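Colleague: got a predicted structure here, sequence first:
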Amino acid sequence: MKSRLLNLLAANRKRGSFRAETSNSGNVIEIYDVIVSSEIDAEWFGGVAAPAIGRALKGMSGTVHMRINSPGGDVFAGVAIAQFMREYDGEIIVHVDGYAASIASIVAIAADKVIMAPGSMMMIHKAWTFGFGNSDDLLATAELLEKIDGQLVEAYVKRAGGKTSAEDFAAMLKAETWFTPQEAIDAGLCDEVTPDKDKPEAQALWDLSAYERAPKAAPAPNQASEQAAAEREAAAVQAAADQAAAADLERRKRVTAARLLQTTA
């Protein structure tokens, strides 16, 4: 079984950074990383989990400038971060410095204002997960994903304020849509473009091979070796997931066999 989410996290393991600081110049939260489901995952993959954002916001007052360059990550973690942002008693301005891809786009549009740098991109797509079990388990997982997609569409429609319909956003999710700053403004997901923090080179941090329609970046001199290492890491993570699935399946078989023996005894 192949998990694109695991591949995304493994391919970008320990590449990013996160910081939150309050100084005389203001409050800054910088999410230059993948978004992960827990702080345990953050220890393994790197990345930022929702509790870190919650703690940072609790220690701040006044306007917060949140800078984002993220290839995405765990959907529920991103939803939790967005909720922390909505509950914050002050203005939050998001600056998209590189990518606000996948669930990072939900984090971005939770802000009071969204500013994208020239050369930056925002991406929306249908939710991913990985699962195992019998047909009932997988059907339940599929139903859950459909509900998540519906919630994502609702969030984008609310942010767009009538500029884009639910039907159009649903089609955009299905197509894996990458927005330039102007396209994001036209769709209602961004407020303005600014040249004051033009850092498109930051996009080169990320391996976006898990996505089907990701823009192709110019290869860096050492990118081949880094990509090979990332592919090995992704393969190792995938192998671990496969082993866990096989172990769970074997456990289910043993439980079923034990129940049958108890029934016939």
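Modeller: Cool, got the structure.
Colleague: who's in contact with the residue lying closest to residue 14 once chain neighbours are set aside?
Modeller: Nearest non-adjacent residue to residue 14, counting by Cβ to Cβ, 6 or more residues apart in numbering: residue 46, 4.1 Å away. From N, CA and C alone the C-beta is placed, and that goes for glycine too. Residue 46 makes contact with 12, 13, 14, 15, 16, 33, 34, 36 under the criterion Cβ atoms under 8 Å, 6 or more residues apart in numbering.
Colleague: try residue 31
Modeller: 18, 48, 53, 66, 67, 68, 69, 70, 104, 107.
Colleague: buried subset of the contacts of residue 46?
Modeller: Among the contacts of residue 46, those buried by neighbour count (16 or more other Cβ atoms under 10 Å) are 12, 13, 15, 16, 33, 34, 36.
Colleague: which members of these define the maximum pairwise distance?
Modeller: Comparing every pair within the buried ones among the contacts of residue 46 by Cβ to Cβ identifies 15 and 36 as the most remote, at 12.7 Å.
Colleague: report the longest strand in this structure, please.
Modeller: Selection of the longest strand in the chain by residue count, based on DSSP state E, yields strand 92-101.
Colleague: counting by contacts, list what that strand packs against.
Modeller: Using 3 or more Cβ pairs under 8 Å, 6 or more residues apart in numbering; DSSP states H and E, the elements in contact with strand 92-101 are strand 64-70, helix 103-109, strand 113-116, strand 121-124.
Colleague: for residue 81, find the nearest of those.
Modeller: Between residue 81 and these, the tightest spacing by Cβ to Cβ is seen for helix 103-109, at 5.1 Å.
Colleague: tell me which of the helices and strands packed on strand 92-101 is the most buried.
Modeller: Sort these by mean neighbour count, taking mean count of other Cβ atoms under 10 Å, and helix 103-109 sits at the top with a mean of 27.
Colleague: what's it packed up against?
Modeller: Helices and strands touching helix 103-109, as assessed by 3+ Cβ pairs under 8 Å, 6+ apart, comprise strand 64-70, helix 75-87, strand 92-101, strand 121-124, helix 135-160.
Colleague: reformat these as CSV; add mean pLDDT and distance to residue 209.
Modeller: Conversion of the helices and strands packed on helix 103-109 to CSV gives the following (pLDDT from 0 to 100; distance: least, Cβ to Cβ, whole Å):
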stretch, mean pLDDT, distance to residue 209
strand 64-70, 97, 16
helix 75-87, 96, 19
strand 92-101, 97, 13
strand 121-124, 98, 14
helix 135-160, 90, 22
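Colleague: any chance of those in JSON lines with distance to residue 210 as columns?
Modeller: Formatted as JSON lines, the helices and strands packed on helix 103-109 follow (distance: least, Cβ to Cβ, whole Å):
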{"stretch": "strand 64-70", "distance to residue 210": "13"}
{"stretch": "helix 75-87", "distance to residue 210": "14"}
{"stretch": "strand 92-101", "distance to residue 210": "10"}
{"stretch": "strand 121-124", "distance to residue 210": "12"}
{"stretch": "helix 135-160", "distance to residue 210": "16"}
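Colleague: okay but residue 69 is in contact with residue 119, surely?
Modeller: No. Taking Cβ atoms under 8 Å as the contact criterion, residue 69 and residue 119 are not neighbours in contact, 11.2 Å apart.
Colleague: rewinding a little: with respect to residue 114, which of the helices and strands packed on helix 103-109 lies nearest?
Modeller: That would be, of the helices and strands packed on helix 103-109 and by Cβ to Cβ, strand 92-101, which comes in at 5.0 Å.
Colleague: hmm, which helix or strand of this structure has the shakiest average pLDDT?
Modeller: The helix or strand of the chain with the poorest confidence is helix 223-264; it has a mean of 60 (mean pLDDT, DSSP states H and E).
Colleague: nearest to residue 167, of the helices and strands packed on helix 103-109?
Modeller: Between residue 167 and the helices and strands packed on helix 103-109, the shortest separation by Cβ to Cβ is 8.9 Å, and it involves helix 135-160.
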